[in-house]
Structures are given as C-alpha cells and as structure tokens.
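# What would the 3D arrangement of this be:
(2 chains)
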Amino acid sequence: MTPGLWELVLKGVWTTVQLLVFSGLLAAAVSFAVGIARTHRRWAVRFLAGCYTEVFRGTSALIMIFWVFFVLPLAFGWQLVPMWAGTLALGLTYGAYGAEIVRGALNAVDPAQREGGTALGFTPWQQMRKILLPQAVPEMIPPFSNLLVELLKGTALVSVMGMGDLAFSGNLVRLALQESAQIYTYILLVYFVIAFLLTRLMRGLEHRLKAAAGKVPGPALPVRRSGASTVGGGAS
Amino acid sequence: MTWDWGAVRDFLPHFWDGLLVTLQALVLGSLISFALGLVWALLLHTPARPHAPSGARRWYALVRWPVALVTEFIRDTPLLVQLFFLFYVLPEWGLTLSALTTGVIAIGLHYSTYTMQVYRAGIEAVPAGQWEAAAALSLPPRRAWTAVILPQAIRRVVPALGNYVIAMLKDTPMLMTITVLDMLGEARLFSQQHFQFTEPLTVIGVAFVLISCPASLLLRALERRLVR
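Numbering: from 1, shown residues only, chains lettered A, B, ... in the order given. As a prediction, the model looks like this:
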C-alpha cells in the first residue's frame, strides 16, 4: 500500500472514532433520559418511553440510517451534515438499547434503598440522584461496554451512505488495489483493536465506580480485605 | 410532508419479494448460527467438565485458544466488513457463491459467536449432580452429553437464542450492500427509480417493528413456559 492509501485509511479511522464518540454520547444521554422515564411514577411517561424503545429497537439501525439520510431531507426539508445524520441515527437506535440497561440496573437496586430515601424525606429526583444512580451506574458498565462494541460495529453502517469512515475507505482501497483479503484483514484488525481498547477502558471505569460506591473494597479499605482472607481461609 | 398512498401501493409487490428474501436469509442464517454456535461451545467448554480423561483435556487445550481467539475476533468486528470480506475475498480464493449464500454464511458465522455464549451459559447451568449421575451410570462422555446434558441445556437456552433471531432479522438489511434484494434492497431500488424515498423506507421500517415486536412478546411467553 502506498502512503496516500494509508492516509486514506487513517482518515477513515478518525471519522470512525469521531462518529463513535458523538453517537456514544448521544446514546448515553438518550439511555439515561428514556431509562429513567421508564421507572417514572406516571403511567403516561412510562408508556411513551416504552414506545420509544420498542420502535427504535424494533427497526434495524441500517433502516434508521436510510431514513435519516433520505426521508428527513425530502419529507421535512432537514438536510443534515453526514456526521450529524450518522450520529443521530446511531445514537437514537443504540440509546433505545441503552435505556433497557438503565431501567434494568435501576430496578435491580434494593427497594429498601428507595424506601430509605422516602423515609428521609428526599424528593423523587433527589432519591434518583443521590441514592439510586450511584448504586445503579456501576452495574450498568458491563452491559454498556458490550453496547459500546455493538455501537462501534454499527458505525460501519454509515459507509453505505458514502461517509468516509473506516469501512468506506477500506472499500476504496480495495477498488484501488484489488487485494481484498489483505485490505479487509487490516480493516477488521483495526476494528478489533478499537473494540479491545474500549472494553479495557470500560473495565477500568467499572472498577473505579464500584470502589467509589463502596461496592468493592478498594485500596482505601485494606482492613476488610485482609480480615476476610484470614477469617475465611483460602478455601472460600 | 406529503404522503403518497399510490407509491405505497406500487411498492407493495416489491415489498413482498423483499420480505421473502429477508425471511429466507433469516431462517438459513439462524440455522447456521445455531449449529455452529453449538460446535464452538462444545469445543470451548468440554474440558471444563471434571470427568474428562486427561488425554482429551490436553487435546482440547490445543483447540481451545485458537477457537477462543477466532470467535472473539469475529464477535468484535463489524458484520458489514465481514460481509465485504467474504463477498470479495471468496471469489479470489476460487469460491464463487451467490450474494445471498455469502450473506447467509456471514450472518450465520457472526451470530454463531453470540449463540456460543448462550449455549455455554446453558451448559454451565446444568447442575453438577447431572454429571455425577451420568458418571455413576458409567455413561461414556458422548452419551452423557447427548442423553443427559444437552437436552437440558438446550431447553433452557431456547428463549435466549430467539433474542438473537430478532437481532439477525435486524441485521439482514446489510445484505443489500452486497447486491441482495432484501426488503431494504427492494426499497432502495424502488426509491431510486421513482424518487420516492419516504414511503418505501417507512413501510419497511414499520414492517420490521411489526415483525420484531410480536416476536419478542412470543419469546417472553416461551421463556415463561420453558424456564421455571
């Protein structure tokens, strides 16, 4: 491969990473908004949030991308920059999956915790912010880590619209060189490396958040850890 | 915003053709992923069982890590690029398949790495006492698997496998990129010929919701019945 083609691939990597970051942020915002709405006291709010998840989980991400790229401009006159169109389609779709993760983690918090908040006279919003979320967020990290890898793989779909991401530039290089096996192996490897880095990053984040919420005896609490190992012995 | 029912009517015959192709890809892809996933799971998780003879354990150790590496790689890379890979590389290697066949293989291969995890969970959920009972009856390992363990494991994982069928359904539109005329392929062709994008794309979007929502309700019912 010539330097020019490598540059093309690197540009594709950059586009993919940008798209991943933007749509990841949008998806996180949507997940928390919709996921929290699904645990709301009012029936109507829960129902609307449920409709959102069903529709966006029910359709394919690729169809959403087509819709944003073709139907929005024609039907509503909103022509988006490709990067924002891709971000919107991916963020809304994967946000619907994330909303289920948020809902599940919130429901998994011991009901007594919420009752404790009520007993202390916290408002629902205070309960959510000070009691439920700090305990639920560390539990969300492993499924979110999976979802992030799914999102990374989803970003390849925008190449169908001619956006110059990694999959697209891979295709261009293939057309230039006619060596499909070699080029696609490189492209797959790059995706694999990004996915690997993401999962490592999320694992570190999980550890820190759990330590912050007091769930894992971290280095700040050495007494409990050594006590447990002497009392419990090696077998447990 | 204008909505043209005439375009919907014109699109419908194409829609049925596309639906048929989508369902075909879905069924064949599911079958491949179910079968291959079980193969991966057995290759990866057999030696974890306590009663395997040590020679077999050593042999599996050699198979195990390449399988783990390959499945992890397939799992963490985009299906779209894998589709391109197979579609453009297989002919170079002298294996020319139809676009639909290539797509079905790609979907089956990709999702086999997911069903593998499902089978693993199912196998691990079979109580250890069942293994001990099989050993007590001195069943040979193969009989223990086929007569005792797998029937229980697979019964448990049917609902989880169903989830991946829905996921596969939503990935079939990717086949459009390798010239398969599935639902999205038909919609794109139609919209380019008639320059009416809104109607066909909305129709297939609704069709996907209409297929996948009842399917997930059905799965929830199945789950309640099978997993107690």
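# By mean pLDDT, flag the weakest helix or strand of chain B.
helix B:54-76 (a mean of 82; mean pLDDT, DSSP states H and E).
# tell me what whatever helix or strand comes next after that one is packed against?
Per DSSP states H and E, the first helix or strand lying C-terminal to helix B:54-76 is helix B:79-92. Packed against helix B:79-92 by the contact rule (3 or more Cβ pairs under 8 Å, 6 or more residues apart in numbering or on different chains; DSSP states H and E) you find helix A:166-177, helix A:180-212, helix B:99-125. C-beta: built from backbone N, CA, C; applies to glycine.
# and the angle for the last one with helix B:54-76?
Here helix B:99-125 runs at 130 degrees with respect to helix B:54-76, directions being taken by axes from the mean of the first three to the mean of the last three Cα atoms, to 10 degrees.
# List the buried residues in helix B:99-125.
For helix B:99-125, a neighbour-count test (16 or more other Cβ atoms under 10 Å in any protein chain shown) marks B:99-100, B:102-120, B:122-123 as buried.
# Next, the angle from the lengthiest helix in chain B to helix B:99-125.
Counting residues, the longest helix found in chain B (DSSP state H) is helix B:5-45. Using the same axes, to 10 degrees, the interaxial angle of helix B:5-45 with respect to helix B:99-125 works out to 50 degrees.
# Helix, strand or coil: sort out A:F122 for me.
Secondary structure for A:F122, judged by DSSP: H, G, I helix; E, B strand; the rest coil, is coil.
# So A:L152 is in contact with A:A195, correct?
Yes: in this structure, A:L152 is within contact of A:A195 by Cβ atoms under 8 Å, at 5.7 Å.
# I'd like to know which of the helices and strands packed on helix B:79-92 lies nearest to A:R41.
A:R41 lies closest to helix A:180-212 among these, at 27.1 Å (Cβ to Cβ).
# From the chain's centroid, how far away is that closest one?
13 Å (Cα atoms, centre = their mean, to the nearest Å).
# Is there proximity between it and chain B?
Yes: Helix A:180-212 lies within reach of chain B by Cβ under 8 Å from any Cβ of the partner chain, at A:180-181, A:184-185, A:187-188, A:191-192, A:195-196.
# farthest-separated two in these?
Maximum distance among these (Cβ to Cβ): 23.9 Å, for A:S180 and A:F196.
# What spatial separation is found between the residue minimising distance to the centre of chain A and chain B?
The centre of chain A sits closest to A:L148, judged by Cα atoms, centre = their mean, with a distance of 4.0 Å. Distance, A:L148 to chain B, using Cβ to the nearest Cβ, to the nearest Å: 11 Å.
# was I right about that residue contacting A:R200?
No: using Cβ under 8 Å, A:L148 is not in contact with A:R200, being 11.6 Å away.
# which residues touch B:S30?
Contact analysis of B:S30 by Cβ atoms under 8 Å, 6 or more residues apart in numbering or on different chains lists B:108, B:111, B:164-165, B:168.
# repeat for A:A167
Taking Cβ under 8 Å, 6+ apart as the test, what A:A167 contacts is A:12, A:16, A:156, A:159, A:187, B:78, B:80-81, B:84.
# tell me the two of those that are most distant?
Maximum distance among the contacts of A:A167 (Cβ to Cβ): 15.0 Å, for A:T16 and B:F84.
# What distance do you get for the nearest residue to A:T155 once chain neighbours are set aside to B:F73?
Leaving out its chain neighbours, the residue that sits closest to A:T155 by Cβ to Cβ, 6 or more residues apart in numbering or on different chains is A:L19, at 4.8 Å. Distance, A:L19 to B:F73, by Cβ to Cβ, to the nearest Å: 22 Å.
# Looking at the two, which is more packed in?
Using other Cβ atoms under 10 Å in any protein chain shown, the more surrounded residue of A:L19 and B:F73 is A:L19, with 25 against 17.
# State the helix or strand in which that one lies.
helix A:3-37.
# avg pLDDT for that helix?
Across helix A:3-37, the average pLDDT comes to 93.
# Within range of chain A, give me the residues from chain B.
B:1-2, B:73, B:76-82, B:84-85, B:88-89, B:92-93, B:169-174, B:176-177, B:184, B:187-188, B:191, B:197-198, B:201-202, B:204-205, B:208-209, B:212-213.
# Pass me the low-pLDDT residue ranges in the chain, would you?
You didn't pick a chain, so chain A it is. Low-confidence segments of chain A, defined by pLDDT under 70: A:216-236.
# nope, chain B please
Ranges of chain B meeting pLDDT under 70: B:1, B:46-58, B:227-228.
# again, only using 50
B:48 (pLDDT under 50).
# Give the buried residues for the helix holding A:L19.
Buried, per 16+ other Cβ under 10 Å, within helix A:3-37: A:8-9, A:12-13, A:15-16, A:19-20, A:22-24, A:26-28, A:30-32, A:34-37.
# relative orientation of the next helix or strand after it and helix A:3-37 in degrees?
Of the helices and strands lying after helix A:3-37 in sequence (DSSP H and E), the nearest is helix A:43-58. If you take the same axes, to 10 degrees, helix A:43-58 sits at 150 degrees to helix A:3-37.
# so what does helix A:43-58 touch, helix or strand wise?
Packed next to helix A:43-58, using 3+ Cβ pairs under 8 Å, 6+ apart, are helix A:3-37, helix A:82-108, helix B:198-226.
# one more time with 10 Å
helix A:3-37, helix A:82-108, helix B:150-171, helix B:198-226 (3 or more Cβ pairs under 10 Å, 6 or more residues apart in numbering or on different chains; DSSP states H and E).
# Determine how far that helix lies from the middle of the whole chain.
The answer for helix A:43-58 is 19 Å, by Cα atoms, centre = their mean.
# ok, B:L20 - contacts?
By Cβ atoms under 10 Å, 6 or more residues apart in numbering or on different chains, the residues touching B:L20 are B:181-183.
# What distance do you get for A:P3 to chain B?
Taking Cβ to the nearest Cβ, one finds A:P3 at 23 Å from chain B.
# For burial, what's the neighbour tally of residue 207?
In the absence of a named chain, this looks at chain A. 14.
# that answer is for a different chain, and I need it for chain B
19.
# B:W65 now?
Considering only other Cβ under 10 Å, B:W65 is surrounded by 10 other residues.
# Quick check: the gap between it and A:F69.
From B:W65 to A:F69 the distance is 42 Å (Cβ to Cβ).
# and what of A:A212?
Relative to A:F69, and taking Cβ to Cβ, A:A212 is found at 41 Å.
# which one of those two has more residues nearby?
More neighbours surround A:F69 than the other of A:A212 and A:F69, with 23 against 14 (other Cβ under 10 Å).
# Can you verify my assumption that the more buried one contacts A:M161?
Yes: the pair A:F69 and A:M161 passes the contact test of Cβ atoms under 10 Å, sitting 5.1 Å apart.
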